[in-house]
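Peer 1: sequence unknown, structure follows:
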């Protein structure tokens, strides 16, 4: 990059101020565009294939995406029974969102403030149910706000915005 002092003559103080402004703009352009953090699953929940549960952070917000199922689902292993054993409700979390992630020089925490609808797909479960509600217990701990029979061997497709707070 050509420095302003290389092409301009004049007041040293003014030239220094302009160079500092150019340096700040250059640093801003080099900042991260996005950051992805893999969110570990809790208990008997498993990722389906290579579709891990991932938190993506951008300058405009954060989102959570993944495809998960009960460890005994046919979608996790074709030789499984299909009988759901993963717990449901506030006492059986799906995953824990990170409590602090550094992005662009600031630290953020995350939550799902209101219940979000996650699509069901795959095999088994209550065929009359197309989706389940996912909730945050207030500390980033995600759980299903549904009865166990609604999910059974189905996969849960998670793709939702996530609240992002500076800490």
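Peer 2: On my side now, so go ahead. Computed from a predicted structure; not experimentally measured.

Peer 1: what about this protein, any weak spots by pLDDT?
Peer 2: 1-11, 23-31, 80-87, 89-90, 122-129, 147-150, 152-153 (pLDDT under 70).

Peer 1: can we see that at 90?
Peer 2: Within the chain, the ranges that satisfy pLDDT under 90 run 1-34, 42-51, 68-94, 99, 104-106, 111-158, 167.

Peer 1: If we ignore the residues flanking it in sequence, what's nearest the residue nearest the centre of the chain?
Peer 2: Taking CA atoms, centre = their mean as the criterion, residue 55 is the residue nearest the geometric centre of the chain, at 1.9 Å. Spatial nearest neighbour of residue 55, chain neighbours left out: residue 37 (4.6 Å); criterion: CB to CB, 6 or more residues apart in numbering. Yep, even glycine has a C-beta here, placed from its N, CA and C like the rest.

Peer 1: So what touches the helix or strand containing the one you found?
Peer 2: Counting by DSSP states H and E, the secondary-structure element that holds residue 37 is strand 35-38. Contacting residues not belonging to strand 35-38 are listed as 52-57, 98, 101, 103 [CB atoms under 8 Å, 6 or more residues apart in numbering].

Peer 1: In helices, which of these fall?
Peer 2: Where those are compared with helices, as defined by DSSP state H, there is no overlap at all.

Peer 1: so can I have TSV of those showing distance to residue 162?
Peer 2: Formatted as TSV, the entries for the contacts of strand 35-38 read as follows, by distance: CB to CB, whole Å:
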residue	distance to residue 162
52	16
53	11
54	11
55	7
56	9
57	9
98	10
101	11
103	13
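
Peer 1: Buried ones among the residues you listed?
Peer 2: Taking 16 or more other CB atoms under 10 Å as the criterion, what is buried in these is 52-53, 55, 57, 101, 103.

Peer 1: residues contacting residue 120?
Peer 2: 129-132, 150-151, 154-157.

Peer 1: From those, pick the one nearest residue 109.
Peer 2: Closest approach between the contacts of residue 120 and residue 109, by CB to CB: residue 156, at 23.5 Å.

Peer 1: Having no further points to raise, I will conclude here.
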